[in-house]
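Peer 1: Here is the input, now give the coordinates:
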Amino acid sequence: MAKKFLFVDTAGNFEETAGAYEQSDFVDAGGAPNAGKPVKLDGDGNIDASMINEADIDHDTTDGVANSTAHNAFPLLTGARPFTGDLQMGSNKITGMADGSADTDAVTKQQLDAVEAGVQYKGACRVATAAALPAYTASGSQDTKKLTADSNGSINTSGIDGITDLAVGDRVCVKNENGAQGSEGEHIDHGLYEVTVLGDGSNPWEMERTEDADGTPGSEVQQGMFTAILEGTNNAGLSWIINTDNPITVDTTAIEFRTGPTVPTYTASLGVKKVSNDFRADLVASGGIKLVGDSMRIEPADFAGAGLQDDGSDNMAIGDVDKGVQVNADDLEIDASEIAGDGLKQNITNSYVVDVDLKASGGLKIDTAQLAVEPNDFAGAGLVDDGADNLAIDWSTTFDDAKAVKAEDLNSTATGEGASIIGIEDAGAYTDVTDVEAALQELYEKVQNFGNTYTAGTGGVSKGDLLEITGNNTVQPLTITTAGVGIGLAADDASAGNPVVVLGNDTVITGILSSATAGTKYFWNGTGWQTSMPSGSGEYVWLGGVAKNATDAHVEVKYIKKNS
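Peer 2: Here you go, the predicted model:
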């Protein structure tokens, strides 16, 4: 074909003319050979309608109908434009499906497996009953159960199976009732319920059957219906399955549950708490940690105190910086000007060094930047600075009308007359010690426990026992059924073979009486003391002493008589 050109008129429209492209030169709309031919456009620059044959566009693979050229022939992902024919998957799978619930829904493999095993899965319940609930009255319909107000207090205090924080929307498996199904004023029917109203001790609780187990459609409650239990003292981690034979009519058929397989349960510890199915941080009130949104952070206000405070922007800051402390370039420094006073002064050369303000000849001095006593300031009246900053006695000083005592004389351990200026003479060796204080204490003890020392005989002695001499320097408690001579009372307990002091007359023994009346006589009965004379035949009666007060006795050992 010879070279040609397109001819357009003054309006820009194509027009046939000699030597230019004519209609027969364009791509044939009828499908004739088109090689080398141009495309005809309309006035808007689009392909001219005369060049398009809809019959050449094959949409049969979409829906196979003549009007398939319309875009609304394609389904939408939102479901707003459903399929109008069968869906061909070409041997591929549909994945990620949810379990079907309506009668016309597709079912998943999980549901098919459950049907094959005789199990009908339902949503998990937070708790299941462990005992019968209070009686109820119907509210609106048998699907809504209103527990009577005079009994709901037990739910508030003990909960359902120990769960006392039930909330609206919680699912409850009711399985422990014993009343007839559907009988108002009796017990709530068995099944799955959702809490709709919380009782408060005056107003009743209300529960209604869950949407997936309310009997609509009729096939959703049948033998094998299964639910898992998440919480509760007795039922946490268990599952319950309807054991009643089909057919089952909700609110008419008496439904029974049996236990199914256990389900995993989770507990929280170590700073984590479990709220229903949610794990949360378990924060101590004012414990220094808080939640900001869903994030955890430190709470500075919980640490405020002792010079620290929350700056109002959740940051910790130094408090009271004008009390002798100041912040300089984020560093903490002493403010000497705030501390000066009461014996302290600010050093001019360094505003952050504090000098001690010492009074002249006041007994204090600075020794290599440290505070020390100045002995020279105390010298006088027989005291001098020994040259090594120690205070010493000036032994060269003459003391008028006085006699100097050397320190070593106060620590003498020598014995004998004149051994020390303050020594004592113990020519008779009456004391076991050599210093004055110890000797006085020993003397006090001897005066307090004046008596003679013996050795306790067989069986030992107890404090307050009336003793007799039974051998060489040996004493034992006096037996009143045989003749004996009482010599005094045991000053303390002593086991056999150990020394014991025997208190004679006109001494005092302490702590052997209880609630005694002063002046009451006490007689020896062979093992202890009594206010009446022993009356046994042939017994020897001995007076041991007289009550000095409620607990102590004046020792006065005296033989009275022998009973006939």
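Peer 1: Tell me which residues touch F14, please.
Peer 2: Contact analysis of F14 by C-beta atoms under 8 Å, 6 or more residues apart in numbering lists 6-8, 40. For the C-beta atoms, the positions are set from N, CA and C on the backbone; glycine is no exception.
Peer 1: and those, which are buried?
Peer 2: By neighbour count, with 16 or more other C-beta atoms under 10 Å, these hold K40 as buried.
Peer 1: Now the two most distant members of the contacts of F14.
Peer 2: F7 and K40 (12.8 Å; C-beta to C-beta).
Peer 1: Return, as residue ranges, the portions of the stretch 151-300 of the chain with sub-threshold pLDDT.
Peer 2: Along the stretch 151-300 of the chain, the parts satisfying pLDDT under 70 run over 151-154, 179-187, 201, 262-266, 276-277.
Peer 1: where along it do the strands fall?
Peer 2: 171-174, 191-197, 206-209, 225-228, 239-242, 257-259, 272-275, 278-281, 289-292, 295-298 (DSSP state E, counting those that start in this stretch).
Peer 1: what's the most buried one of the ones you listed?
Peer 2: strand 171-174 (a mean of 25; mean count of other C-beta atoms under 10 Å).
Peer 1: That strand pairs with which strands, and in what direction?
Peer 2: strand 127-128 (parallel), strand 191-197 (antiparallel) (DSSP bridges).
Peer 1: what's the shortest one in contact with?
Peer 2: It stands for strand 127-128. Counting by C-beta under 8 Å, 6+ apart, 159-161, 163, 166, 170, 172-175, 229-232, 235, 238, 240 sit against strand 127-128.
Peer 1: Buried among those residues? Need that as a selection in PyMOL.
Peer 2: Selection of buried members from those for PyMOL, criterion 16+ other C-beta under 10 Å:
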select buried, resi 160+161+163+166+170+172+173+174+175+229+230+231+232+235+238+240
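Peer 1: Contacts for the lengthiest strand in the chain, please.
Peer 2: Counting by DSSP state E, the longest strand found in the chain is strand 553-562. Contacts to strand 553-562, defined as C-beta under 8 Å, 6+ apart, come from residues 464, 466, 485-489, 503-509, 512-513, 516, 522-523, 533, 538-548.
Peer 1: quick check: mean pLDDT across it?
Peer 2: The average pLDDT within strand 553-562 is 94.
Peer 1: try stretch 383-392
Peer 2: Stretch 383-392 comes out at a mean pLDDT of 78.
Peer 1: Give me the domain ranges for the chain.
Peer 2: 116-259, 449-562 (automatic domain parsing).
Peer 1: Looking at the ones you listed, which is nearest to L358?
Peer 2: domain 449-562 (58.4 Å).
Peer 1: hang on, the earlier thing: mind checking which of the contacts of F14 are in strands?
Peer 2: Judged by DSSP E, strands contain none of the contacts of F14.
Peer 1: Let's have the contacts of F14 in JSON lines, adding distance to T481.
Peer 2: Listed next are the contacts of F14 as JSON lines, based on distance: C-beta to C-beta, whole Å:
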{"residue": "L6", "distance to T481": "161"}
{"residue": "F7", "distance to T481": "166"}
{"residue": "V8", "distance to T481": "162"}
{"residue": "K40", "distance to T481": "156"}
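Peer 1: Kindly export stretch 283-299 (C-alpha atoms) in PDB.
Peer 2: The C-alpha trace of stretch 283-299 is given here as PDB (Å, rounded to 0.1, in the frame of the first residue of the first chain):
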ATOM      1  CA  LEU A 283       1.600  -3.800  90.600                       C
ATOM      2  CA  VAL A 284       1.800  -3.000  94.300                       C
ATOM      3  CA  ALA A 285       0.100   0.300  95.200                       C
ATOM      4  CA  SER A 286       2.700   3.000  95.700                       C
ATOM      5  CA  GLY A 287       5.400   0.400  94.800                       C
ATOM      6  CA  GLY A 288       7.300   2.700  92.400                       C
ATOM      7  CA  ILE A 289       5.900   1.200  89.100                       C
ATOM      8  CA  LYS A 290       2.900   2.300  87.200                       C
ATOM      9  CA  LEU A 291       1.200   1.800  83.800                       C
ATOM     10  CA  VAL A 292       1.000   4.600  81.300                       C
ATOM     11  CA  GLY A 293      -1.400   3.400  78.700                       C
ATOM     12  CA  ASP A 294      -0.300  -0.200  78.100                       C
ATOM     13  CA  SER A 295       3.300   0.600  78.900                       C
ATOM     14  CA  MET A 296       5.200   0.200  82.200                       C
ATOM     15  CA  ARG A 297       7.300   2.900  83.800                       C
ATOM     16  CA  ILE A 298       8.700   4.100  87.100                       C
ATOM     17  CA  GLU A 299       6.600   6.300  89.300                       C
END
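Peer 1: from here on, count from 660
Peer 2: From this message on, residue numbering opens at 660, which makes the last subject stretch 942-958.
Peer 1: contacts for it?
Peer 2: Residues contacting stretch 942-958 (C-beta under 8 Å, 6+ apart): 940, 961-962, 973.
Peer 1: Could you identify the most distant pair in these?
Peer 2: Among the contacts of stretch 942-958, A940 and F962 lie farthest apart (C-beta to C-beta), at 18.4 Å.
Peer 1: shaky segments in the stretch 1010-1159 of the chain?
Peer 2: 1010-1014, 1054-1085, 1093-1094, 1103-1108.
Peer 1: quick one: the strands in it?
Peer 2: 1013-1015, 1023-1026, 1029-1032, 1042-1044, 1050-1052, 1110-1115, 1125-1130, 1133-1136, 1147-1149, 1158-1162.
Peer 1: most tightly surrounded among those?
Peer 2: It is strand 1147-1149: most buried of these by mean count of other C-beta under 10 Å, with a mean of 26.
Peer 1: Give the pairing partners of that one; include direction for each.
Peer 2: strand 1125-1130 (antiparallel), strand 1158-1162 (antiparallel).
Peer 1: Quick one: the strands paired with strand 830-833 as a markdown table, columns for distance to M955 too.
Peer 2: Output for those, formatted as a markdown table (distance: least, C-beta to C-beta, whole Å):
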| stretch | distance to M955 |
| --- | --- |
| strand 786-787 | 30 |
| strand 850-856 | 31 |
